[in-house]
Structures are given as structure tokens and as C-alpha cells.
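[1] structure for this input, please:
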Amino acid sequence: MRRLFAASTMALLLAAGAAQAQVDTASVDAAVQRVMPEVVAWRRDFHQHPELGFAETRSAGVIAEHLRSLGLEVRPGVGKTGVIGVLRGARPGRTVALRADMDALPVQEATGLAFASSATGTYMGNTVPVAHACGHDMHMAMLMGAAEVLAGMKDRIAGTVVFVFQPAEEGAPPGEPKGGAALMIAEGGLNDPKPEAIFGLHVVPGRPGSVFYRPEGFMAASDRVDIRLKGKQTHGAWPWRGVDVIAVAGQVVETVNTLTARTVDPTTTPTVFTIATINAGVRYNIIPDSATLSGTLRTFDTAQRDALVARAETAIDHVAEAYGATAEFGVKQNAALVFNDPDLSAWLAPVLTEAAGEGNVNPATPPTTVAEDFSYFQQVIPGVFYHLGASPDGVDPATSAPNHSPEFSPNEKVLPLGVKTHVLTALRFLERS
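    Coordinates of the predicted model:
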């Protein structure tokens, strides 16, 4: 009887100890509020000093310096300009990763912000304006804030948190075979320590304070498509004496649109195939001998994607042949399907609700055809990627400026929520039995 009583008492003590080990939400709230002045300052600094993919040297330096000041193990230069920080808790336990992207876009900013970018960079050999037109400045600042909050709770943490600051999310720059996520993985960035799960977020148009995602396929796989047509140059007044690649290009666009609309069931998975550039000719009355087209393919099913690519290549060859031209067709993947682990997705919903409040989390939002190379991390580690609504106050999310537009200006009021979701996701994952 005494042994049974002792065992029961020990079990109660252990249970009480486990309960005490959980960091309460009020402590997280207070810590988040303390770091907010820094988070806002970092966001605005990054916004004024944007850098293109694999050129994020200044951003990486700011991040690495901050992580070192917190006592983290810091590895810069992972995936060219990526930074990894490792926070080891006071006791051993699980390992979880949190990720933010770093790169900006070749976009001329038109937000009118006091801290708007006037920076330039080099893209495809040209000097271009550069701006954080996708919100990555917000992402870096939020994860830096989360690192500071979690480092301040180190003595209460059992386990390890890996902070991943990733370059070149917007795709591999011209001449680079891999984008940031794929390159960090190839260089063993997440091998030591190896996380059991990875979580990431993105600011998008939406009601400020809302969080949304879905299990399984959430964001589309993205392929770049390049088509080169070869014909025969001739006078614009004598098209029959050459091979008109302008006419062929027009038929190619129609073919791509028709194939997508008429051979893919839109009720199964969304599919978007867009030809976005056509380049040909130098003079109004000369039909050129070549034309190049490029576009993007967004899909949610690998087999469906492969079948559509095969049909498109065959059909484009036939179109070119009918005119006496030739066609070269190339496809390069920019991002894989963002596939949210179903079990982790279900587990995460109450954690995000703890951060955002009741009624502010939708774990069953429709899929979106924009893409994210967070997907490559999910191919090697179970993970969940979620969105934070960040439309300006008083602006309908349906009409607020989208990511990648010159006017995109996410609401700074969501910065505390982003820090808090990062912190609670890491803490609650490490506290799992």
C-alpha cells in the first residue's frame, strides 16, 4: 500500500511539475510587448534597406548580430546569405524550427511610407528599384522578436529552437540552380540539430488579427515555363515568304489557355497556366525569325501537373509545325507544393487560437495559387505554413493591395501577433508529451 501511495504521489508531483513547466500566455504577452519597439524599428530598417535574393548581406549581418547578443549559436552563410540561430533550453527535449524569409523584389515602391525604399539592385544585368513588396521585412523582424522572447525564457525551456532566416525565397536568381530553401537544405543547414517540425508564416491581405491555413495542399507548386519559337524572317508585307512566329506565339497562348480550361477538372484542384511575357521583333514592318515566351504554372497535384506539361509540350510542337516553325519547351520548378502536415495542422489550431483569440483562426481556408519555397523544408521535415491577415485599417481585404504590388503595405499592428504565434508554436511544441 505504501509503495502504491508513493508511486501515486510521485505521479502527481511529476504532473504538477509538468504543469508548472508550461509557460503561461500572460508571460508570453508581457514579453512580446516588451520587444515591440525593437520589432517595429527592425521592420522599418529592413524596409528602407531591401536586398534581392542571395544579396541580403546587410540584413543577414543585422540578424546574426542580434542572435549573438542573445547568446544563441549562430551560423551565417548557410545558403550563401542565410542565417541559422540555435537556442538550447535549460533542459534537453524536442527540437523545433521557425523560419522567416529575407529577400526583397525588383519593384518600385509606391506606398508613400515615411520609411519607403529608395534602394536599387542588380537583376538580370540591369539596375532596378528594390522594395520589400512581399512582407519579408515583417517576417524577419517578427522572428527576431520571437528569438528575443524565447531566449529570455531559456531557463523554462526543455528542448531546442532553431531559427531559420532564409534567403532567395522569391526563386533562384538568374544563373543560380537553386533558391534559398533548397540550397540551405543541400548545405545541411537543418542537420545539426535536426528539427522534428518546422513552422512559418506570411503576411497577406486579410483582416488584421486573423490567421488562416489548411491541412495538406495549401499553396501551389510553381513552375517557370519558357518557350522559344523559331521561324523565318520576312517583310511584314509578305508574310507568306517567311514563317510568322508572331502568329505562332498568338496560337501558343490560345493553346495554353484552352488546354488548361478544357483538360483539367477545376473541381478537383486549382490549376493556373499563365503566359506572362512575349518578346519578339525590333521593327513594325519586319516579321522576326524568333520569339520567346515565358509564364508560370501553378498546380496542387503532381500527376495532374506532369500530364498537363506533357500535353502542352506536344500541343505547342504541333502548333509550331503547322506554321513551319519549331518550338523549344522548358519547365523549371520554383517551388513545390506547400503541404501542411495533417496531424500538425490539427494540433496547431488551438495554439494559434491561444495567440490570436477565439474566432480569429481559420484552419480550413481554401487553397491559394501563390507559391512558397517553404515547401522544400516540408519535404524533409513535417511542417505547417500559415498566413496572417495584414490589410491596412479600414481597407477591405478583397481590394487591398496584394503582395508583389508597388502599393503593398502590411499593417504593423499585426507584428505582435506574428511574434506571439512564433513563440507559442515553439513553446507548445516543446512542451508536448
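[2] alpha carbons of stretch 393-413, as PDB, please.
    Only the C-alpha atoms of stretch 393-413 are listed here, as PDB (Å, rounded to 0.1, in the frame of the first residue of the first chain):
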ATOM      1  CA  ASP A 393      -7.000  49.500 -41.200                       C
ATOM      2  CA  GLY A 394     -10.400  50.300 -42.800                       C
ATOM      3  CA  VAL A 395      -9.400  48.700 -46.100                       C
ATOM      4  CA  ASP A 396     -11.400  45.800 -47.500                       C
ATOM      5  CA  PRO A 397      -9.000  42.800 -47.800                       C
ATOM      6  CA  ALA A 398     -10.600  42.000 -51.100                       C
ATOM      7  CA  THR A 399      -9.400  45.300 -52.500                       C
ATOM      8  CA  SER A 400      -6.200  46.000 -50.500                       C
ATOM      9  CA  ALA A 401      -3.000  45.900 -52.500                       C
ATOM     10  CA  PRO A 402      -1.700  42.400 -53.000                       C
ATOM     11  CA  ASN A 403       1.700  41.100 -52.300                       C
ATOM     12  CA  HIS A 404       4.200  41.900 -55.000                       C
ATOM     13  CA  SER A 405       2.400  45.100 -56.000                       C
ATOM     14  CA  PRO A 406       4.100  48.600 -55.600                       C
ATOM     15  CA  GLU A 407       1.400  49.600 -53.100                       C
ATOM     16  CA  PHE A 408       1.600  46.500 -50.800                       C
ATOM     17  CA  SER A 409       1.900  47.800 -47.200                       C
ATOM     18  CA  PRO A 410       1.100  45.300 -44.500                       C
ATOM     19  CA  ASN A 411      -0.300  46.600 -41.200                       C
ATOM     20  CA  GLU A 412       2.300  46.900 -38.500                       C
ATOM     21  CA  LYS A 413      -0.400  46.200 -35.900                       C
END
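[3] for residue 316, see how far away residue 292 is.
    13 Å (CB to CB, to the nearest Å). Any C-beta I mention is one placed from the backbone N, CA and C, and that applies to glycine too.
[4] again with residue 140
    When residue 140 is compared with residue 316 (using CB to CB), they lie 41 Å apart.
[5] more crowded one of those two?
    The residue with more neighbours, out of residue 140 and residue 316, is residue 140; 29 against 23, by other CB atoms under 10 Å.
[6] so what pLDDT did that one get?
    With respect to pLDDT, residue 140 scores 99.
[7] which residue packs closest to residue 413, ignoring adjacent ones?
    residue 208 (5.5 Å; CB to CB, 6 or more residues apart in numbering).
[8] could you verify my assumption that that neighbour touches residue 393?
    Yes - contact criterion CB atoms under 8 Å: residue 208 and residue 393 qualify, at 7.0 Å.
[9] shared neighbours of the two, which are they?
    Common neighbours of residue 208 and residue 393 are listed as 411, 413 (criterion: CB atoms under 8 Å, 6 or more residues apart in numbering).
[10] who has more neighbours, those two?
    The residue with more neighbours, out of residue 208 and residue 393, is residue 208; 20 against 7, by other CB under 10 Å.
[11] any idea which element that one lies in?
    Using DSSP states H and E, residue 208 is not contained in any helix or strand.
[12] repeat for residue 39
    helix 25-48.
[13] check which helices and strands the helix or strand following that helix sits against.
    Following helix 25-48 in sequence order, the next helix or strand is helix 57-69 (DSSP H and E). On a contact count with 3 or more CB pairs under 8 Å, 6 or more residues apart in numbering; DSSP states H and E, helix 57-69 meets helix 25-48, strand 73-78, strand 82-88, helix 136-151, strand 158-166.
[14] that'll do, ta.
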